[in-house]
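A.B. asks: Next comes the sequence, and after it the predicted model I'd like to discuss.
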There are 2 protein chains.
Amino acid sequence: MSNPTAAMIVIGEEILSGRTRDANMHYLAGELTRHGIELREARVIGDERGAIVAAVNALREAHDHVFTSGGIGPTHDDITAEAVATAFSLPIAVRDDARALLAAHYAKTGAELNEARLRMARIPEGAVLIENPISAAPGFSLENVHVMAGVPNIFQAMLASLLPRLTGGSPILSQSLRIDRGEGEIAGPLSVLAADYPDLSIGSYPFVRNGAFGADIVIRGTDAGRLDAAMVRLSKLFAPDQA
Amino acid sequence: MSNPTAAMIVIGEEILSGRTRDANMHYLAGELTRHGIELREARVIGDERGAIVAAVNALREAHDHVFTSGGIGPTHDDITAEAVATAFSLPIAVRDDARALLAAHYAKTGAELNEARLRMARIPEGAVLIENPISAAPGFSLENVHVMAGVPNIFQAMLASLLPRLTGGSPILSQSLRIDRGEGEIAGPLSVLAADYPDLSIGSYPFVRNGAFGADIVIRGTDAGRLDAAMVRLSKLFAPDQA
């Protein structure tokens, strides 16, 4: 598969402390798969400038796209925009168009555009804004790094604004078969199948349900014909289970 | 806080494709917090030897402990044990004690200890086994890297075997206050509070509920007295909300 590749950086102490269970990674993974972009790696890090700079720089070199979530609000622990500017060695300042978005939003809600809120209009030089239809404060894309909010419904809304302007690849198709036998029973034939279809990704995902072992076999690829052929082989291999 | 630090590596294509939502990271985060070990970073990567070797080597240097989940079953895509051996430049082979665990388990269940299942007895030289009370196939610790299964109930059982032998730090305490005002209203006073308590971690986690903005303020640290003092200050700052 030669689709564009991507990495994600989830920024937030609250995930690492176990207080909150991240939801954005799973959501992004599904959306990228539908868009033909392959998510290859995700990292969860804390609200620490050095950690953010290091992760952004490592991943933007290695992938076509980097998506971040978290740390772009108005409080003292929101340092993502600053850190991304640092990673690119670019200045960051309040930008007029971002300020106008906030001013219009707070004029409607009656809240004051105070100093803390104005921090959310700080945008690294040269970035393109990502629309936030929920709470106005924009995300931004700086080259191939897309900086979005951590609150799940805002993250999802920003991603919906962003995705149409990214070039996707062939949609990644997948088919799966549930087999109610332990992986140890099926591993041998399955590895032969995987070797015969090196252009497909064939994964075995074991489970224990009511004390019985089984596995979901998932075949993924961009060529529907090859996928169908491999699924036919797979079904025949384990046909006795299906009776 | 000078507690031991840790990183996690979640190994599994199925998380990155969006097929499965990872559960082990959130579970580990909570258990480590209770044990006084600080989870500083987590990475999700695919079933690729190079990616596993690189992540293991980067993180075992940087942290006191590295926990991995996934990729230690009997199928062709289970390459974690091999990759960890490669990261340490150590040989890996079927080990007698691991084989005996499998033999005893399959003798009970009536299944055959075939070649595929025997792969789960391959252990890098010098590793200490981690008990698996559910399906017998052990995990292992190699120096500070702890290799465990991806199936959540097996991961949890292995972690329960492992944690008592790791030296924890002071339990990390946390208290939180929900404030039903937008973060922009509270950011100013909150940053003053955070500056006054540099030994505590003070996080603001915004939410949108029924269209209204609010934030959970979470204060974390190991000194109960300092935590109480900061919470009193916090409550007074935003007392009008509590009436």
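C.D. replies: In hand now; what should we look at? This is a predicted model, so every value here is computed, not measured.

A.B. asks: List the contacts of A:P124.
C.D. replies: Neighbouring residues of A:P124 by Cβ atoms under 8 Å, 6 or more residues apart in numbering or on different chains: A:A81, A:V84, A:A85, A:F88, A:L90, A:P91, A:I92, A:F140, A:L142. Every residue, glycine included, has its C-beta placed from N, CA and C.

A.B. asks: Kindly recompute the last result at 7 Å.
C.D. replies: Counting by Cβ atoms under 7 Å, 6 or more residues apart in numbering or on different chains, A:P124 touches A:A81, A:V84, A:A85, A:F88, A:L90, A:I92, A:L142.

A.B. asks: Please list only the buried members of these.
C.D. replies: A:A81, A:V84, A:A85, A:F88, A:I92, A:L142 (16 or more other Cβ atoms under 10 Å in any protein chain shown).

A.B. asks: Mind checking which of these are in strands?
C.D. replies: Here DSSP state E is the test, and the buried ones among the contacts of A:P124 give A:I92, A:L142 as lying in strands.

A.B. asks: Just the CA trace of stretch A:92-100, in PDB.
C.D. replies: The C-alpha coordinates for stretch A:92-100 follow below in PDB (Å, rounded to 0.1, in the frame of the first residue of the first chain):
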ATOM      1  CA  ILE A  92       4.000  33.100  17.300                       C
ATOM      2  CA  ALA A  93       1.700  36.000  18.000                       C
ATOM      3  CA  VAL A  94      -2.000  37.000  18.200                       C
ATOM      4  CA  ARG A  95      -3.200  37.000  14.600                       C
ATOM      5  CA  ASP A  96      -6.000  39.400  13.400                       C
ATOM      6  CA  ASP A  97      -8.200  36.800  11.700                       C
ATOM      7  CA  ALA A  98      -8.000  34.400  14.700                       C
ATOM      8  CA  ARG A  99      -8.800  37.300  17.000                       C
ATOM      9  CA  ALA A 100     -11.800  38.300  14.900                       C
END
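
A.B. asks: host element of the residue positioned nearest the centre of chain A?
C.D. replies: Geometric centre of chain A, nearest residue: A:L28, 3.5 Å, by Cα atoms, centre = their mean. Under the criterion of DSSP states H and E, A:L28 resides in helix A:24-34.

A.B. asks: what's in contact with that helix?
C.D. replies: Under Cβ under 7 Å, 6+ apart, the answer for helix A:24-34 is A:6, A:8, A:10, A:39, A:42, A:67, A:69, A:150, A:152, A:155-156, A:159, A:163, A:171-172, B:16-18, B:21.

A.B. asks: Filter those down to the buried ones.
C.D. replies: A:6, A:8, A:10, A:39, A:42, A:67, A:69, A:150, A:155-156, A:159, A:163, A:172, B:16-18, B:21.

A.B. asks: Could you pick out which of those residues are located in strands?
C.D. replies: Checking the buried ones among the contacts of helix A:24-34 against DSSP E, those in strands are A:A6, A:M8, A:V10, A:L39, A:A42, A:F67, A:S69.

A.B. asks: Assign the closest residue to A:P138 other than its chain neighbours to helix, strand or coil.
C.D. replies: Once flanking residues are discounted, A:P138 sits nearest to A:L129: 4.3 Å by Cβ to Cβ, 6 or more residues apart in numbering or on different chains. Three-state assignment for A:L129 (DSSP: H, G, I helix; E, B strand; the rest coil): strand.
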